[in-house]
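J.: heads up, no residue letters with this:
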Ligand SMILES: Cc1ncc(COP(=O)(O)O)c(C=O)c1O
């Protein structure tokens, strides 16, 4: 009996959601990405018609707007510059490691924040000056640390007690005194998988240990609170704890900090991580995800003003010299500059309410879509009303390859071109070649377009294999 009541209740909720909640569904406007729509109702990025790009280069394909990339970087730079503080910007390679994108950013003045031997190698390959490289991450190989130390990079941020020993040993063997920072954890933000907790006394112990070592030069405190942060208060709260700690190590250990590396994490207005409830309702009842409220994300100027005023306030409170602020932005620079174009390859019916659209991009190349909101447009039907609900599935032969369980779109036909927005953060880094080759990347600017990464070939898929 209980089971029956539960079933009826669930069916009722499903009915309510399908009938009423779905009506509320809206999509974000394309103008938020600075996109245009041409006379034929086709989506245009950087002066290039998305349908034309899909036809010329094939799908799936990432398209990067070079001018928006430069604009985002300059906006970040100006936001801090206008607050009269010493600061440095080190783009987080893991967010989007396409060399052509990194090159544009380095030409604009950005340094590199790397977290692996490969990314360190790539930064050197791209000609980044050693004093513009910060090396982070929980697993730095001996070999890569040797390279970092020999080349005297800006900063190596230490993650654990074992790593202190490892770096000490390498530094002594090379006879070079590397500049190091210590990654710490405050009571808010990402946990102690990364760095040393202030609260448990670990962070203090790390500084105490380092303070006794002549072979390492302690220069920085490093923190990275998380990603997709949508409030300035998180930085504010964390800095309250950080400066209390900076003061403690100054008083008790005589350690002075030159740099405060605040990591990245700044959210973007068109993307939003799903809450647990949202995810549950989406998965259980196909309730469409609602787009983020654009006003919920502070602009970079607002973030910068709050961060700088908090740093100044805290330094005044503890009578400290202002540190140089270092930032490692990722998604706020590249998220909205890139879109992923995919093609509708097949259409099926799930039930009277829902159709299934199978497209040639799935969780293999667009996995962030399964944990955060990414808008999608039908690039060849921008003037059509969104009137139908679709389950959007990828090409991989597994039931988990679903990008959306219910998304309101114009009526779809096979061959339509879907634009998945904000593919510029974490789509490339999380992508894999599960049964399909990875897509090409095309850059656009003022109506011109060129390939910056070729589509992976079948030969590329096996070129490391012996058989
Ligand atoms: C240490 C560090 N710095 C910077 C970033 C970039 O973060 P975001 O893309 O949220 O700005 C990350 C991302 O995880 C990170 O781990």
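T.: Looks like it came in fine. None of the values given here were measured: they were computed from a predicted structure.
J.: Close to the ligand: what parts of this structure are there?
T.: 92, 95, 113, 136, 224, 227, 263-266, 328-332, 425 (CB under 6 Å from any ligand atom). Quick note: C-beta positions are derived from backbone N, CA and C, even for glycine.
J.: The same query, at a cut-off of 5 Å, please.
T.: 92, 95, 136, 224, 227, 263, 264, 265, 328, 329, 330, 331 (CB under 5 Å from any ligand atom).
J.: which two of these lie the greatest distance from each other?
T.: Farthest pair in the residues of the chain next to the ligand (CB to CB) is 136 and 331. Separation: 16.2 Å.
J.: Show me what the lengthiest helix in the chain is packed up against.
T.: For the chain, the helix with the greatest residue count under DSSP state H is helix 232-253. For helix 232-253, the elements it packs on are helix 202-211, strand 217-222, helix 300-318, judged by 3 or more CB pairs under 8 Å, 6 or more residues apart in numbering; DSSP states H and E.
J.: mind redoing it with 6 Å?
T.: Contacts defined by 3 or more CB pairs under 6 Å, 6 or more residues apart in numbering; DSSP states H and E place helix 232-253 against helix 202-211, helix 300-318.
J.: Need these in a markdown table (columns: mean pLDDT, mean neighbour count and distance to residue 406).
T.: Compiled in a markdown table, the helices and strands packed on helix 232-253 are given as follows (pLDDT from 0 to 100; neighbours: other CB atoms under 10 Å; distance: least, CB to CB, whole Å):
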| stretch | mean pLDDT | mean neighbour count | distance to residue 406 |
| --- | --- | --- | --- |
| helix 202-211 | 96 | 18 | 45 |
| helix 300-318 | 97 | 17 | 33 |
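J.: Select, out of the ones you listed, the one closest to residue 237.
T.: The nearest among these, by CB to CB, is helix 300-318 at 9.4 Å.
J.: Quick one: residues contacting the residue of the stretch 351-467 of the chain found nearest the ligand.
T.: In the stretch 351-467 of the chain, the residue that lies nearest the ligand is residue 425 (5.7 Å; CB to the nearest ligand atom). Listed by CB atoms under 6 Å, 6 or more residues apart in numbering, the contact partners of residue 425 are 95, 331, 334, 335.
J.: Can you read off the backbone torsions of it?
T.: phi -130, psi 120 (degrees, to the nearest 10).
J.: Need the three-state assignment for the nearest residue to residue 250 once chain neighbours are set aside.
T.: With sequence-adjacent residues excluded and distances taken as CB to CB, 6 or more residues apart in numbering, residue 250 is closest to residue 256, at 6.1 Å. Assigned with DSSP: H, G, I helix; E, B strand; the rest coil, residue 256 falls in the coil class.
J.: Tell me, please, where in this structure the pLDDT is lower than the cut-off.
T.: Low-confidence segments of the chain, defined by pLDDT under 70: 14-24.
J.: Can you add neighbour count, distance to residue 174 and secondary structure and give the contacts of residue 425 back as CSV?
T.: CSV is the format used below for the contacts of residue 425 (neighbours: other CB atoms under 10 Å; distance: CB to CB, whole Å; DSSP: H, G, I helix; E, B strand; the rest coil):
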residue, neighbour count, distance to residue 174, secondary structure
95, 24, 31, helix
331, 25, 36, helix
334, 30, 35, helix
335, 29, 39, helix
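J.: Which positions in the longest strand along the chain come out as buried?
T.: Criterion DSSP state E: the longest strand present in the chain is strand 338-349. Neighbour counts over strand 338-349 (16 or more other CB atoms under 10 Å) mark 338, 339, 340, 341, 342, 343, 344, 345 as buried.
J.: any idea which of those residues is closest to the ligand?
T.: Taking the buried residues of strand 338-349 together and measuring to the ligand by CB to the nearest ligand atom, the closest member is residue 338, at 13.3 Å.
J.: Run through the neighbouring helices and strands of whichever strand or helix holds residue 173.
T.: Using DSSP states H and E, residue 173 sits within helix 161-174. Counting contacts by 3+ CB pairs under 6 Å, 6+ apart, helix 161-174 packs against helix 142-150.
J.: From the contact counts, what lies against the helix or strand following the helix it packs on?
T.: Of the helices and strands lying after helix 142-150 in sequence (DSSP H and E), the nearest is strand 155-158. The elements that strand 155-158 packs onto, with contact taken as 3+ CB pairs under 6 Å, 6+ apart, are strand 179-185.
J.: just checking, what packs against the strand it packs on?
T.: strand 155-158, strand 217-222.
J.: which other residues reach it?
T.: Everything outside strand 179-185 that qualifies as a contact, by CB under 6 Å, 6+ apart, is 155-159, 192, 194-198, 203, 206, 216-217, 219-223, 261.
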